[in-house]
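[1] Structure, please.
(one chain, ligands or ions: 1)
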Amino acid sequence: MLFPNSHFEQAETQIEQILTLIGVQPEMVLDLACGPGRHVLPLAKQGFSVTGVDASAYLLGLLQAELNQFSIPPRVELFQADMRDFKRNAEFDLILCLWTSFGCFEHGADDQRVLENVCASLREGGRFLLDVVGKEYIVHNFEPISARELDHSDVLIEQHELLDYMSRMNSRWTLVSGNRIHRASFSLNIYSAVELQDRLFAAGFSSVQIFGDLEGREYDLDADRLILLAGK
Ligand SMILES: C[S@@+](CC[C@H](N)C(=O)[O-])C[C@H]1O[C@@H](n2cnc3c(N)ncnc32)[C@H](O)[C@@H]1O
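    Residues are numbered from 1 along each chain as shown. Modelled structure (predicted):
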């Protein structure tokens, strides 16, 4: 299971950290590439109006099943869409794109289009929080192959290669779960903090803050996340 229960618990804490970091209570929140709703669920529980967008009908189905369990119907809308196409007219005051969901397209121009869509979809004064792993961390800690144990003794083997002058990383995941093996492969454009900051300004944002985690620590060589908080 690539979305183990512990990751759902961790997401509740992350939502608290994000709300503290942005310092205001948003009304309308968009979770772009929401997956099975790790962050949509705690936001909905707190009564926010939440839109979840993901390309995967399967993951949205898992999320809808969780939402159906709420005793009071949550204010949640789900859309199956490609983030290159999803755009609203200044509707949201907080947009989240979490856990390295950005950078998955073959052409950097598509990543830029996503940032432009996000900026257009935000109200004036709205914020966009982007959470990825920075190129600095990836290159500094690069391991072509690694393995780690997940919940229920599942083991995830990750194989990576850097391409195109370290602007792209191909990854192959092999999940060993009991006597079953699941494989997935994907490719990610990897960006440094300054490269992403430049892209956010080019997409129309007026301010960009850079952090090394959701608690707002400095982005330095010890930071294993790259958090950008952009304001429109
Ligand atoms: C690493 S998961 C993160 C999910 C969620 N943000 C979280 O923190 O659990 C990446 C998500 O991006 C979605 N995704 C991939 N390509 C997409 C696209 N082009 N448009 C929208 N969603 C996409 C996948 O279906 C997956 O749910």
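[2] where does the residue in the chain positioned nearest to the ligand land in three-state SS?
    In the chain, the residue that lies nearest the ligand is G35 (2.8 Å; C-beta to the nearest ligand atom). Glycine gets a C-beta too; all of them are placed from N, C-alpha and C. Secondary structure, DSSP: H, G, I helix; E, B strand; the rest coil: G35 is coil.
[3] Leaving out the residues flanking it, which one is nearest to the residue most central in space within the chain?
    Centroid-nearest residue in the chain: L98, 1.8 Å away (criterion: C-alpha atoms, centre = their mean). In space, and not counting its chain neighbours, L98 is closest to D131: 4.5 Å by C-beta to C-beta, 6 or more residues apart in numbering.
[4] Now do the phi/psi pair for the one you found.
    phi -120, psi 110 (degrees, to the nearest 10).
[5] ok, it touching A223?
    No. Counting by C-beta atoms under 8 Å, A223 is not a contact partner of D131; they are 11.7 Å apart.
[6] domain assignment for the chain?
    Following automatic domain parsing, one gets these domains for the chain: 5-134+192-231, 136-188.
[7] Compile these into CSV and extend it with columns for mean pLDDT.
    Listed next are those as CSV, based on pLDDT from 0 to 100:
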stretch, mean pLDDT
domain 5-134+192-231, 97
domain 136-188, 95
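[8] how about T13, what does it touch?
    By C-beta atoms under 8 Å, 6 or more residues apart in numbering, T13 lies in contact with nothing.
[9] That one belongs to a helix?
    Yes. Assessed with three-state DSSP, T13 lies in a helix.
[10] and this structure, which of its residues are near the ligand?
    33-35, 38, 54-56, 59, 82-83, 98-101, 104 (C-beta under 6 Å from any ligand atom).
[11] Do a quick rundown of the strands in the chain.
    Listed in chain order, the strands of the chain (DSSP state E) span 28-32, 49-54, 76-80, 92-97, 122-132, 145-149, 155-163, 168-177, 180-189, 207-211, 226-231.
[12] and L32, what does it touch?
    Here L32 is in contact with V53, M83, F86, I95, L96, C97, S101, V114, V118 (criterion: C-beta under 8 Å, 6+ apart).
[13] now, which of these sits nearest L21?
    L96 (11.4 Å; C-beta to C-beta).
[14] close enough to count as contact, the closest one and D31?
    Yes. The criterion here is C-beta under 8 Å, and L96 meets it with D31 at 4.9 Å.
[15] intersection of neighbour lists for the two?
    Common neighbours of L96 and D31 (C-beta under 8 Å, 6+ apart) are H39.
[16] How many residues are close by S146?
    Burial of S146 is recorded as 11 neighbouring residues (other C-beta atoms under 10 Å).
[17] is the nearest residue to it once chain neighbours are set aside in a bridge, and if so with what?
    Using C-beta to C-beta, 6+ apart and skipping residues adjacent in sequence, the residue nearest S146 is E158, 5.3 Å away. Bridge pairing for E158 (DSSP bridges) gives the partners S146, W173.
[18] on that earlier part again, my guess is the residue of the chain closest to the ligand contacts S56. True?
    Yes. Between G35 and S56 there is a contact under C-beta under 8 Å: 7.3 Å.
[19] What is the burial count for the residue nearest to L98?
    Other residues close to D131 by other C-beta under 10 Å number 21.
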